[in-house]
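Visitor: sharing a sequence plus its predicted fold:
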Amino acid sequence: MSVTSTHSPLTKTNSLQELTMANANLNASPTHPERRVTIQQSSRYRSLSARTRTDPPLYPWLKLSGRWLELAGFEAGQRVKVTVEDNRLVITPD
């Protein structure tokens, strides 16, 4: 007489603990889901006439780089779409 374990690979049902662990793995989030970056400012090149003596306007810019982008599913050379919402930028694959 053999005893069948409910945790053997041949069973069709899983224990509650196994199901809970599986669900946790499906919803696993990155180690660092948030990043803090600083908005920089830069002047945009434009040709000015000799009579214009004002300083060029400054514009905000943002650089995102790092291995974390790859871990989030983005690849170098990939086109992305940036959606502008109220106080939010959403970056998705294009």
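Guide: Structure received.

Visitor: tell me which element the nearest residue in space to Arg35 that is not next to it in sequence is part of?
Guide: Nearest residue to Arg35, sequence neighbours excluded (Cβ to Cβ, 6 or more residues apart in numbering): Trp68, at 6.6 Å. Placement of C-beta: from N, CA and C, glycine included. Counting by DSSP states H and E, the secondary-structure element that holds Trp68 is helix 67-71.

Visitor: the very next helix or strand once past that helix: partners in the sheet, and parallel or antiparallel?
Guide: The C-terminal neighbour of helix 67-71 among helices and strands, as given by DSSP H and E, is strand 80-85. With DSSP bridges as the test, strand 80-85 is paired with strand 88-93 (antiparallel).

Visitor: helices along the protein, start to end?
Guide: Using DSSP state H, the helices of the chain run over 16-26, 67-71.

Visitor: hang on, the earlier thing: output the helix holding Trp68 as PDB, nothing but the C-alphas.
Guide: Provided in PDB are the C-alpha atoms of helix 67-71 (Å, rounded to 0.1, in the frame of the first residue of the first chain):
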ATOM      1  CA  ARG A  67      19.200  49.300 -15.500                       C
ATOM      2  CA  TRP A  68      15.900  49.700 -13.800                       C
ATOM      3  CA  LEU A  69      14.300  50.700 -17.100                       C
ATOM      4  CA  GLU A  70      15.400  47.400 -18.600                       C
ATOM      5  CA  LEU A  71      14.100  45.600 -15.600                       C
END
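
Visitor: in it, what's buried?
Guide: Leu69 (16 or more other Cβ atoms under 10 Å).

Visitor: need the contact list for Gly66.
Guide: Applying Cβ atoms under 8 Å, 6 or more residues apart in numbering, we find Gly66 in contact with Arg35.

Visitor: that older thread, where among the helices of the chain is the average confidence lowest?
Guide: Ranked by mean pLDDT, the helices of the chain bottom out at helix 16-26, which scores a mean of 54.
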